[in-house]
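> Mind folding the following:
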Amino acid sequence: MVKRMVGNPYRCLMARGLVPMEDGSYWYVNFCSYSQFFEVTHLYSISAGVVTFKLDALFTLLGIPKVYKTDNGPPFNSKAFSDFAKRMGFVHRRVTPLWPRANGDVKQCMKNLTKVRQNAKLNGIDKRVELQNFLRVYRDTPHTVTKAPPAYLMFRRTNASGLPCLDLGKEKQDPVHLMAQENDRKAKAKMKETYDKQMNTRVPQIKVGSNVFMKQERKTKAMTDWDPTPYLVKEIKHSMVTVERDG
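Sure, this is the predicted structure:
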């Protein structure tokens, strides 16, 4: 399902990565789905304690989002992260693991970061320096979908304009935001139309109580694409289906 651009910047924040580096460190990416603005933090550990500490610092700088989306992997599936979400007061929403479309807004973001690492290695530049060079250009460049710079949608300014000044109450009256929302709506409507045609989409027939087969990772050539033992559908929520089986 293609999500429309609604609300204010920073209302919904998405975690993407933890992207492993050659030296054992990670890039921790936090992405604002409204503005297309994202922040990258360099970590040497992905424990819940380290991640929540860095996230706490980000929230102190930019504010606490209403919704924080992650996959269901560590450290986001830990009790420590759940407790952190309750303490900070945001809704922790887990998207479907191993399904890129559930976190599709950040797919191009991750491709760009891969290119940053490749360029840094090719040119013999520290990847952290190359990352900052990229972020400065990216944040001030009109986005291909919204046609507005991410920094402006996020802070109502570009990086050359001084300190950020958040004024969320007037976002909908701002002509740049209205233009970006309309461009976003048109672009994503076109994306949905193209996707529906290519994938021959139709209304799903799966219901609670249905028996379904689940696609599995083929670890050997002898394995089939689908697990031959069926699962029982227990819950359906939007595009997410919860199943179980004995054994």
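> any idea how this structure splits into domains?
According to automatic domain parsing, the chain comprises the domains 12-196, 211-244.
> So what's the model's average confidence on the longest one?
Think domain 12-196. Mean pLDDT, computed over domain 12-196, is 85.
> follow-up on the earlier one: deepest-packed of the domains of the chain, please.
The highest mean neighbour count among the domains of the chain, using mean count of other C-beta atoms under 10 Å, belongs to domain 12-196: a mean of 16. Bear in mind the C-beta positions are built from the backbone N, C-alpha and C, glycine included.
> how far does it stretch from start to finish?
Start-to-end span of domain 12-196 (C-alpha to C-alpha, to the nearest Å) is 26 Å.
> Next, report how far that domain is displaced from the centre of its chain.
Between the centre of domain 12-196 and the centre of its chain there are 6 Å (C-alpha atoms, centre = their mean, to the nearest Å).
> Could you pull out the strands in this structure for me?
12-20, 26-32, 38-43, 67-70, 91-94, 211-212, 231-237, 240-244 (DSSP state E).
> can you give me the offset of the last one from its chain's centre?
I take that to be strand 240-244. From the chain centre to the centre of strand 240-244 is a distance of 22 Å (C-alpha atoms, centre = their mean).
> got the contact list for it?
T96, I206, V212, M214, Y231, L232, V233, K234, E235, I236 (C-beta atoms under 8 Å, 6 or more residues apart in numbering).
> Go again with 10 Å.
Residues outside strand 240-244 that contact it (C-beta atoms under 10 Å, 6 or more residues apart in numbering): 94-96, 99, 102, 204, 206, 208, 210-214, 230-236.
> Would you mind writing the CA trace of that strand as CSV?
Output in CSV follows, covering the C-alpha atoms of strand 240-244 (Å, rounded to 0.1, in the frame of the first residue of the first chain):
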residue,chain,number,x,y,z
MET,A,240,0.6,-8.1,8.0
VAL,A,241,-0.6,-11.7,8.6
THR,A,242,0.1,-13.6,11.8
VAL,A,243,0.2,-17.4,11.5
GLU,A,244,1.1,-20.3,13.6
